[in-house]
Structures are given as structure tokens and as C-alpha cells.
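Chemist: sequence first, predicted model second:
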Amino acid sequence: MNKVKKIIGINIGHDGGCSLYVDGKIVATMAEERLIRVKYAYGWINSLKYCLEQSKTSLSDIDLIVFSDYSDKMGNDFDGGLSLFG
């Protein structure tokens, strides 16, 4: 039996947000601006929390986290702030 792949996609730049894919299907997605009510918002923490809560998934259940940004400023040690989740 194959393990279900759970992937988080995060845009950390302008128009930030998060999506959760389970076995290749989108199960939750949210734009940060919808939650904090600021047009073109940067960030993703609130949208990540939303996706995890809506799908009843914990961060430890995720197989892969992918970050996207519009610049080349992300270093090899970049964790996107996931250390905030413990």
C-alpha cells in the first residue's frame, strides 16, 4: 500500500498564501489577504494554520513543504518560519 503524499505549498511573498495537496488533489487553500483583510498581503502563517485546521492535519503529517518567492533571496538554511510551529 502506498503512503499518501501530503504536500504544503507556500507563497511567502506578495499575495502570500498556502495550499495543501493530498495525493495530488487540493484539499485546502487560502490567501493570506482573506484572513488578515489586507489586500496583496505578504505572509502565510495564518493561511497555513487555516489549511491544517480545515483538513484536520498536523504539520508533522506533512511529507513535503515547498516555498515560492519572487526573488532569489532564500538561502539554503531557509525554513520560512516553520520553527514557530515547534
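Modeler: That came through fine.

Chemist: so how far is the top helix by length along the chain off the chain centroid?
Modeler: Determined from DSSP state H, the single longest helix within the chain is helix 45-54. Centroid separation for helix 45-54 versus its chain: 8 Å, with C-alpha atoms, centre = their mean, to the nearest Å.

Chemist: buried sites along it?
Modeler: 45-48, 50-52 (16 or more other C-beta atoms under 10 Å). Every residue, glycine included, has its C-beta placed from N, CA and C.

Chemist: which one of those is nearest Asn11?
Modeler: Nearest to Asn11, judged by C-beta to C-beta, of the buried residues of helix 45-54 is Ser47 at 9.0 Å.

Chemist: separation between the closest one and Lys3?
Modeler: 25 Å (C-beta to C-beta, to the nearest Å).

Chemist: same check on Ser68?
Modeler: From Ser68 to Lys3 the distance is 25 Å (C-beta to C-beta).
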